[in-house]
Each structure stands twice: as structure tokens, then as C-alpha cells.
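Student: Sequence below, structure please.
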Amino acid sequence: MSSELRLKKLRGSGGYVMATVTDEQQMKGNLGGPDLFLAPIGRLDVDKITKHFCNTCEKEFEGPPKIEFENPNEEVAENLVLAERGQYICKACNATIAEYREFKKPNEQKEIGSAKPLDANVSTAPTVQATIAPTVQATIAPTVQATIAPTVQATQANSSASVSPIEGRSVIDENANKIGTAKQIGIDGNTQSMVLVITKNDGTEGSIPWIAIKKVGEVILLGKPEESVASQPGKCFECGFVNKVGSKFCEECGTKI
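Tutor: Numbers count the residues shown, from 1 in each chain. So this is what the prediction gives:
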């Protein structure tokens, strides 16, 4: 693979930066569309950033934004450590241009285990329970309706934590990559099953069947796709979306089923 540096626009939720990146960094920032994103890449060297644009200022500035970060090295689950979290911040107004989280598996040969509980009161009930306000409804996608509550408490089989509230928690896939941030709990209009509505890394909304969630704690861990595909015909092994039986391509992400 070529190690040549190329000048690219890397987007964040609050703007973008222009930076020279390697082929490997481009692959990390490519989430399947035409744009590249900062969050999956993590922290860039400031001397590689030539410009930044702030959505709040509606202005492009020469040079890099401020980059603030910390290294908590916090174990958020068995064999999963939050190594670094940081922000790209506009130098003019201090608005956040992008955020990132970097997770590491201390043992690459070992799978991720149970998430750390939020407190000493750990729930292990084998059912899913949710408290949802019955009067507020919002349409999230053509087939997903969500009801929003100030607080949500949920328990799941093999889950090691109660969640209250769930909004804002990082959603981590089975490969220890952050794919988005939890927004709210919703109901799929077709299957009437519970889903987790998330804000993806690119700022768009998506939904994940609750059955695909392996652990809930300080982060939300997704299980391996093959664990649930066999029991649900039409379920996408890539994003977990449950398609109509007989579908050849996923309606959510376009992956061949």
C-alpha cells in the first residue's frame, strides 16, 4: 500500500479540516460514502492540518484547530480500554468541530467481555424492559418510530448494567470500533420490535435491533453479526437491520444479504 500523503477534507459534526493523510488514514475515515470523516481517524499531527472550517462561525480558517485530548486508559469492558478521547476545537469560537474516541484491546486474540457496570446495582434479568413516555413520538426513519423519555432503564440477557439514561453512550461494534452514539430507544414500524436509534459517525441517523446489543454499560457493545443472523431471516450481518424476507440487499446499508 502506498504511503504517499494526500490533501483531503475530513468532516466532523461541527465542521471540517483540510489535512494531508496516508492511505491507511483514508481507509479509516471512509465510512462507505464519498466523504472522509475525522472521528474514525482520531488525532492528527497539527503540522498535517492546513485549514479548518467551523460551522458555528461559518468561516474557514488557515492552520489547524485546537486539539484537546486526554488518555484515561480506562477499562470500559473486559479486554477493551478507552485509550484516548479528544476534540477538535475552533480557535475562534471554541465550538467543537469533531470528537473522537480511541479504544484498544489489550489482548488481540481475546474477545471483548462484559462491560463494566455503571454502579454497584447490577441487573441481570433475562428480559428487556424499558420505560418510555407514551405521549411524545418522533419519526426517525420510514420504518422506525421512537418514543422519547427523560430517562430509560433497560436490562437484557447477559447484560451487566442498567442504563439511565442511554442517550450519548458510545456504540462499539464487535471489532472494538466506534460506529456512532446512542440517541434513544425506538420501535420498528414493520416488526414492532425494539431498536436502538443512533447518530452515526457521519452525523446521519440509523437503527440497530435491540437483539444485536451484547452488553450495555458505559459503552454499548454489539454482538457478532453471526450470532443472530441465523435466527432472523433477512437480517443484515453488516448493520443488523432486519429486512423483508427474500431481500437480496439491505435496505439500510445496501450490503448484499
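Student: With adjacent residues omitted, what lies nearest to residue 17?
Tutor: Counting by CB to CB, 6 or more residues apart in numbering, residue 17 lies nearest to residue 52, which is 4.5 Å off, once chain neighbours are set aside. Just so you know, the C-beta spots here come from the backbone N, C-alpha and C atoms, and that holds for glycine as well.
Student: which other helices and strands contact the helix or strand that contains the one you found?
Tutor: If you go by DSSP states H and E, residue 52 is part of strand 49-54. Under the contact definition 3 or more CB pairs under 8 Å, 6 or more residues apart in numbering; DSSP states H and E, strand 49-54 sits against strand 15-21, strand 59-62, strand 96-104.
Student: hmm, 10 Å instead?
Tutor: On a contact count with 3 or more CB pairs under 10 Å, 6 or more residues apart in numbering; DSSP states H and E, strand 49-54 meets strand 6-12, strand 15-21, strand 59-62, strand 80-89, strand 96-104.
Student: Can you dump the C-alpha atoms of it in PDB for me?
Tutor: Output of strand 49-54 as PDB, limited to C-alpha atoms (Å, rounded to 0.1, in the frame of the first residue of the first chain):
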ATOM      1  CA  ILE A  49      -3.600  20.200   9.000                       C
ATOM      2  CA  THR A  50      -3.600  23.200   6.700                       C
ATOM      3  CA  LYS A  51      -7.100  24.700   7.300                       C
ATOM      4  CA  HIS A  52     -10.200  24.200   9.300                       C
ATOM      5  CA  PHE A  53     -13.800  25.200   8.900                       C
ATOM      6  CA  CYS A  54     -16.300  25.900  11.700                       C
END
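Student: Residues touching it, excluding its own?
Tutor: 7, 9-12, 14-21, 59-67, 88-98 (CB atoms under 10 Å, 6 or more residues apart in numbering).
Student: Got a quick ChimeraX command for the buried subset of the residues you listed?
Tutor: A single ChimeraX command selects the buried members of the contacts of strand 49-54 (16 or more other CB atoms under 10 Å):
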select :10,11,12,14,15,16,17,18,19,20,21,61,64,65,67,88,89,90,95,96,97,98
